[in-house]
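Undergrad: Sharing a model prediction with you, sequence too.
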Amino acid sequence: MKNLFFSFLIVAFALPISGVSQQTLESISGKELFGDMKARHIGPALMSGRINDMEVHPTNSRIIYAGTAGGGVWKSNDGGATFNPIFDEYCQSIGSIELDPNDPDKTIYVGTGETWPRNSVSIGDGLYKSVDGGANWQKIGFENSERIANIIVNPKNSQEIYVGVLGALWGDNEERGVFKSNDGGQTWEKLLYINPKTGCADLAMDPNDPNTLYASMWEFRRTAWSFESGGENSALYKSTDGGKTWNKIHNGFPEGDLGRLAIAVATSNPKVLYTVIEAEKDERKGLYRSDDAGNSWKQLNNDFGITVRPFYFSRIVVDPKNEDVVVKGGLSGSISRDGGKTFKNLGNMHSDIHDFAFNIKDSDIMYVGTDGGVYRSWDGGTTMEIVENLPLSQFYHISVDDAEPYNVYGGLQDNGSWWGPSSSPGGVEARDWNSVGYGDGFRVLKHPTKNIIYSEMQGADNVWRYDVDRKLTKTIQPLPTSEDQKLRFNWNAPMAVSPHQPDRFYMGSQYLHRSEDMGDTWEIISPDLTTNDPAKQNQEDSGGLSKDNSGAENHTTIFTITESPLDQNIIWVGTDDGNVQVTQDGGKTWTNTSMNIQGLPKNTWCYHIEASSHDKATAYAVFDGHTQNDMNPYAYKTTDFGETWTNIISDDVIGFTRSIQEDFVNPDLLFLGTEFGLYITLDGGKNWKKFTNNMPAVAVHHLEMQKKTNDLVMGTHGRGVIIIDDISPLREINEEVLNKTLHFFDMPATTINETSSFSGNFGGETQFVGINKTNNAQIKYFLKKRHTFGKMLMEIQDSEGNVVSELGPGKSKGINIVNWNYRRKQPKVAKGKTFSFGGFTSPRVPAGMYKAVITKGKETFAHEFELVYDEDSPLNEKDREQKNTITMRLYDMTQELAYLVYEVDEILASAEAKGDKKTVAKLNELKKTLVITTGDNYVGSAEPQLREKMTNLYSKVASSYDKATASDLQNLKVITARFEAGKADFEKIKSKYLKKNALEIKPFEEFLSSK
C-alpha cells in the first residue's frame, strides 16, 4: 500500500499542474480571453431584413418561426407580436425550418443556406436538429450542401425525414437532390440526383399519403458576372413509393427547357397541385394547376406578378382550409381566391415577397416574409403590419463620425441608406434612424468637417450629396465625358473621402474618379485598373430563361478604395476581378501588385483594402473567392507597397473574408470580418480567436473603429449594426499579461454623466430597442485563471483611502469588467409605515482620483483611475463644492434621523414591555413627527413628516446637475431646525428613561453597517 501511494505521488508530480503552466496567445481560447467583453446590438429594425422561410406550429397558433436570409432563426410565442433568436451560435443563413408534427414543441430541424440565390446571398453549412425546443442544436449532416430548400418529417413516423437540397450556387457539387433518413437523421440515403449542377428547389408531400412526394429539380448556376437559370435537367418529379422511384409529371407543361418550378399541395384536397413554371417562351410561363395529383396540368395565369424573377420569387402557399385560396411570392405578393384564375396584390408592405404562412385556426391571419422583415395580416392580406422587433437589417458597408455620441452610417440590401446614433436616451429606437437614400444602399460617408452626407444606390445609378442642415440633395455621380465612354460601376460601387482634404471625394468605376469639390466636378486619375475581360461584360445576356440584368452582375470593376491616412498621394484600389493597384504619386502612375500575392487564386475578388495608420508602406487586403466556389479565407499584409505580401490567415479562421480593421494604437491588433462572424488577432495574424460574446455567427461585411471611444463597429449582413465598446484592453494583452495573477488595464478618465432626458418607452413592448453604451466607470482586469477558492472582494476608495463603494468582482478567467456608477450607497433611511422614495437616491461622488482595490485571498491588487466632470458643464468649482457639501450634509442628516428613529423604536419596545404607558405615549407622539406611521404607499398616503421632507430635499439636490438653489437652502434651514428640535425632545425622554432602565442600544456606526 505504501509503495502504491508513493507511485501515485510520482505520477502526480510528473503531470502538468493546471493553472501553473504558461499560457500563450495560441493556447488560450477566445471565450476565455475575451471574458466579459460583449457586443451590443443597435439595430435598426424599422426596415428589418430578408426572410427566407416562415413556419407555424401545427397545433399552437401562437408559435411562429422565421428563417432569415442572414440573421438566423427567430421564434415567436405570442402570435408574431415579438420574436426572439434561437440559433445565434450557428450559421445565420437559413433555408428551411421544419417542426416534427409528432413532437413540435421539442423536435425542430433547421436547414441552412438561403434558397433565393441573388448575387449577395450567404451560404449554409448543413442540417441541424434540436430535441429541446431550440435550446441546443446538433449538426446532422449535409456540411457541403450550401443550400437546403425543404425538410419534411413524415407525420406518421418521426424517424422518416426527407430533405430537398438545392446545393451550391457558384459551382458544381454532389450534395444535391432529394435525401431520406429512416433513423431520425443519423444516416442519409440519396433518393433523387440528376447532376452536379441541378438541385432540388422545392419538395412537397401528400398530407394523406406520406409515400407520395413531389420534387422540383432546377438546373442553375451563378458567376460573379452572370446568372443562368434553367436547362434540360429542370423538371417536376413525383414518387408514390417514398422516393424509391421517380417519374416526371409534365403532361400539359411548356415545351423546351424549364427553369425554376415551385410545387404546392392543397392540404384540404391533396389532388389539387399548383406549380409556377419558368419556361423558354414568355407566354408559357406562369401558374399551372392540376386537379388529378399531377397527371395533367392546365395553365391558369401568366400575369407579370406571377412570372417576375422566378429565381427569386417561386414560393406558392395554399390555404390549408381552402384549395382555391393561393398566395404567390413576387414583387408585391399576389393572392387568388378562385383557384389561381385571377390574382390581386396583397396589402401595402415592403416589396419582394418570399414566403407565407396561414394561421392554423383562422386563415384570415397570415404571416408574410419579405425583403423587409415579417408582416402580419388580420384580414386575409388586405392590410399588413410589420413586426417591429426583428433587427435583421443587411448592411453592405458602415462608417462613423466624431459626434458625441457618434453616429453610424450605412446602406442596406433593398432598404436604402440610413444614419443613426450609437446611443440614445432610452436606447436606440426606430425613430432615431434617418433615411438618406433609396433602393439598395451601399456606402454612406459623412463629410469630415461639414454636416454633409454622401450616399448611393445600386450601380451608382444615383449618388447623393445631402446637406443635412438645409435639407438639400444633389446627385453627383460621375458621368461619361464622351460618346464612346462607357463607365462600369459595380452594383456595390465604391466611394471614399480623403482624410487629408475634406472636400476630396473618390468613386470607382473601371477608373478611379476624384473630385476636389464634393462631387461637383470629376477627373479620372487612373487608367482602367481592372482586367477588362470582355467575357465578363455581357450582363445583358444574364438570367438564363428569364433575362435578369439588374446591374447586380456588373463585373471587372473597382470595388474598394482607400487613401493612406499618412500620405495623401498613396491610394490603394482593389477590383472585383482580382487586381490590387497602388499609386504613390496621387494617381500619375499605378502598379498592379496582385501577381506578388503568393497562394491567392487568380482573379479572386479584392473585397477590402485597409491602409495602415502606422506605416505608409503597409496595407492589408482581404479577398473573397466564394463567387468562384472557393470558400477559403484570404487576408494578406504588405509592408513594401505591395512588392511582397504575407498571408496572415491561420487555420482558426472559418468563413470567407469580407473586411479587416487595423487598431489605431497597436498594429498587431487586427479585426477580421468573415461570413461566419468576427475574428480577432493580438499578434498580427499568427493566431486568430473568434469573438462570440453576444455576437452571432453572422456575416460581417464591414468593420470600422471609432477613434475617440475605441469602439469596434460592425456592419453585418443580417443583424444590423453590432458594436464592441472600448476594445482598448486588447491592446495590452501579451503573453506576460496572460501569465499574471491579475492585471489591471489602463482606464481613460471617466466623465461623470449628469445629463438626463424625458425619453419615453412607448411602443417598446413590441419594438426592438438597441442597447446604449454604458456611462459607468468600468474597471477592467485580466485573471490568469478563474477564482474558485477563498474570498475575493473589491472596493472603491477615494484619494484618502476611505471606502466609498463595495462592488462584486468578476472572478472568471480572462477579461473581467466591473461597472461602477460613481455613486455612494444609498443612505440608511428611517423606518416608517411607508417607503421614503427620496431615500432611494445614491449620491454621486465628486470628480477626482479613486482606487479600485481587489483582495484575492492573501494578495491585494490596486489600480488608480480618475473621474472628471464634463467640460461643457455650467458649474464652476465653487458651485461644485456647494452642491457636494449640501448633498453630503443631507445624506448624513438622513442617516442620523434613521438612527434616531431606531433609538426611539428600541426604547418604545422596552417601555411597552415594561408597561410604561407614559413613555410610550410620548415616544409615539414624537415618532409621528419624524416618520409616517399610518397609510400605505399608494392610495392611503399620509401627511409627510420630517423623514419625507428631508429625503425629498436630499434627492432633489443629489439628483440635480446643479448646485442647491436659494429655495433649497432656505428649506434646509427649516428641516434642520425641526430635526434639532426633535433630537432635543428625544434626548429628554431618552435620558429620563435610561436612568431608570438598563437598555443596550447599538452604536451609530454599528447601526449603519447592520442590515
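TA: Received the coordinates, thanks.
Undergrad: all contacts plus neighbour counts: C-alpha atoms, from now on.
TA: Fine.
Undergrad: Would you mark the buried spots in stretch 761-770?
TA: If you call a residue buried by 16 or more other CA atoms under 10 Å, then stretch 761-770 has these buried ones: 767, 768, 769, 770.
Undergrad: between these, which is closest to residue 650?
TA: Nearest to residue 650 among the buried residues of stretch 761-770 is residue 770, at 33.7 Å by CA to CA.
Undergrad: so that closest one touches residue 45, yeah?
TA: No. With contacts counted by CA atoms under 8 Å, residue 770 stays clear of residue 45, the gap being 9.2 Å.
Undergrad: Where do the helices of the stretch 601-750 of the chain begin and end?
TA: Applying DSSP state H, counting those that start in this stretch to the stretch 601-750 of the chain gives helices spanning 729-732, 735-738.
Undergrad: what do you get for the chain?
TA: 2-14, 30-34, 304-307, 729-732, 735-738, 877-914, 917-930, 946-959, 966-996, 1004-1009 (DSSP state H).
Undergrad: wait, which of the ones you listed is closest to residue 862?
TA: helix 735-738 (15.8 Å).
Undergrad: returning to that earlier point: select, out of the helices of the chain, the one closest to residue 184.
TA: helix 30-34 (32.3 Å).
Undergrad: Give me the mean pLDDT for stretch 579-586.
TA: The pLDDT scores in stretch 579-586 average 98.
Undergrad: What are the buried residues along that stretch?
TA: Neighbour-count burial for stretch 579-586 [16+ other CA under 10 Å]: 579, 580, 581, 582, 583, 584, 586.
Undergrad: Identify those among those residues that sit within strands.
TA: With DSSP state E as the criterion, strands contain 580, 581, 582, 583 from among the buried residues of stretch 579-586.
Undergrad: out of the residues you listed, who's nearest residue 596?
TA: Within those, proximity to residue 596 (CA to CA) peaks at residue 580, which comes in at 9.7 Å.
Undergrad: Next up, the contacts around that closest one.
TA: Residue 580 makes contact with 572, 573, 574, 592, 593, 594, 606 under the criterion CA atoms under 8 Å, 6 or more residues apart in numbering.
Undergrad: Could you find the closest non-adjacent residue to residue 589?
TA: Distances taken as CA to CA, 6 or more residues apart in numbering place residue 583 nearest to residue 589, at 5.8 Å, with adjacent residues excluded.
Undergrad: ok, what's across the strand from the one you found?
TA: On the basis of DSSP bridges, residue 583 is bridged to residue 571.
Undergrad: hmm, back to that, let's have the helices of the stretch 601-750 of the chain in a markdown table, adding mean pLDDT and distance to residue 841.
TA: Listed next are these as a markdown table, based on pLDDT from 0 to 100; distance: least, CA to CA, whole Å:
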| stretch | mean pLDDT | distance to residue 841 |
| --- | --- | --- |
| helix 729-732 | 98 | 32 |
| helix 735-738 | 96 | 39 |
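Undergrad: Residue 242: how many residues sit nearby?
TA: 18 (other CA atoms under 10 Å).
Undergrad: right, so of the helices of the chain, which gets closest to residue 394?
TA: Nearest of the helices of the chain (CA to CA): helix 304-307, 25.2 Å.
Undergrad: what residues does that closest one touch?
TA: Against helix 304-307 from outside (CA under 8 Å, 6+ apart): 276-278, 285-287, 328-334.
Undergrad: Tell me the one of those residues nearest residue 198?
TA: The closest of the contacts of helix 304-307 to residue 198 turns out to be residue 278 (CA to CA; 15.0 Å).
Undergrad: Check the gap between the nearest residue to that closest one once chain neighbours are set aside and residue 217 for me.
TA: Nearest non-adjacent residue to residue 278, counting by CA to CA, 6+ apart: residue 259, 4.7 Å away. Using CA to CA, to the nearest Å, we find residue 259 at a distance of 9 Å from residue 217.
Undergrad: what is in contact with these two at once?
TA: Taking CA under 8 Å, 6+ apart as the contact rule, residue 259 and residue 217 both touch residue 234.
Undergrad: Neighbour count: these two, which is higher?
TA: Ranked by neighbour count (other CA under 10 Å), residue 259 and residue 217 place residue 217 first, with 32 against 28.
Undergrad: residue contacts, residue 779?
TA: Applying CA under 8 Å, 6+ apart, we find residue 779 in contact with 744, 745, 747, 817, 818, 819, 820, 852.
Undergrad: Go through the chain and flag its longest strand.
TA: strand 209-223.
Undergrad: Partner strands of it, with direction?
TA: When sheet partners are counted by DSSP bridges, strand 209-223 sits next to strand 198-206 (antiparallel), strand 226-229 (antiparallel), strand 235-239 (antiparallel).
Undergrad: on that earlier part again, just the contacts of residue 779: which has the poorest pLDDT?
TA: Where pLDDT dips furthest among these: residue 747, at 94.
Undergrad: Can you get me a residue count around the nearest residue to it once chain neighbours are set aside?
TA: Counting by CA to CA, 6+ apart, residue 747 lies nearest to residue 865, which is 6.3 Å off, once chain neighbours are set aside. Counted with other CA under 10 Å, the neighbours of residue 865 add up to 17.
Undergrad: For residue 865, give its distance to residue 851.
TA: Distance of residue 865 to residue 851, given as CA to CA: 6 Å.
Undergrad: Tell me which residues are up against stretch 809-819.
TA: Outside stretch 809-819, the residues within contact range by CA under 8 Å, 6+ apart are 32-37, 776-788, 792-794, 807-808, 854.
Undergrad: repeat for stretch 369-377
TA: Applying CA under 8 Å, 6+ apart, the external contacts of stretch 369-377 come out as 47-54, 66, 80, 349-356, 364-368, 383-387, 390, 392-393, 414-415.
Undergrad: can you pull out the strands in the stretch 1-150 of the chain?
TA: Here the stretch 1-150 of the chain has its strands, by DSSP state E, counting those that start in this stretch, at 39-43, 51-56, 64-68, 73-76, 84-85, 94-99, 108-112, 127-130, 138-139, 148-153.
Undergrad: out of these, nearest to residue 204?
TA: Proximity to residue 204 (CA to CA) singles out strand 148-153 among the strands of the stretch 1-150 of the chain, at 7.6 Å.
Undergrad: CA atoms only: put that closest one into CSV for me.
TA: Taking only C-alpha atoms (Å, rounded to 0.1, in the frame of the first residue of the first chain), the coordinates of strand 148-153 have been written out as CSV:
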residue,chain,number,x,y,z
ILE,A,148,-31.3,23.3,-48.1
ALA,A,149,-34.6,24.1,-49.6
ASN,A,150,-37.0,21.8,-47.7
ILE,A,151,-37.3,19.5,-44.8
ILE,A,152,-40.3,17.2,-44.4
VAL,A,153,-40.9,14.9,-41.4
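Undergrad: That one - contacts with which helices or strands?
TA: strand 94-99, strand 108-112, strand 161-165, strand 198-206 (3 or more CA pairs under 8 Å, 6 or more residues apart in numbering; DSSP states H and E).
Undergrad: mind putting those strands in a markdown table, distance to residue 971 and mean neighbour count included?
TA: Shown next, in a markdown table, are these (distance: least, CA to CA, whole Å; neighbours: other CA atoms under 10 Å):
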| stretch | distance to residue 971 | mean neighbour count |
| --- | --- | --- |
| strand 94-99 | 65 | 28 |
| strand 108-112 | 66 | 27 |
| strand 161-165 | 77 | 27 |
| strand 198-206 | 77 | 27 |
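Undergrad: Just send the helices of the stretch 601-750 of the chain back as a markdown table, with mean neighbour count too.
TA: What follows is these, written out as a markdown table (neighbours: other CA atoms under 10 Å):
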| stretch | mean neighbour count |
| --- | --- |
| helix 729-732 | 17 |
| helix 735-738 | 16 |
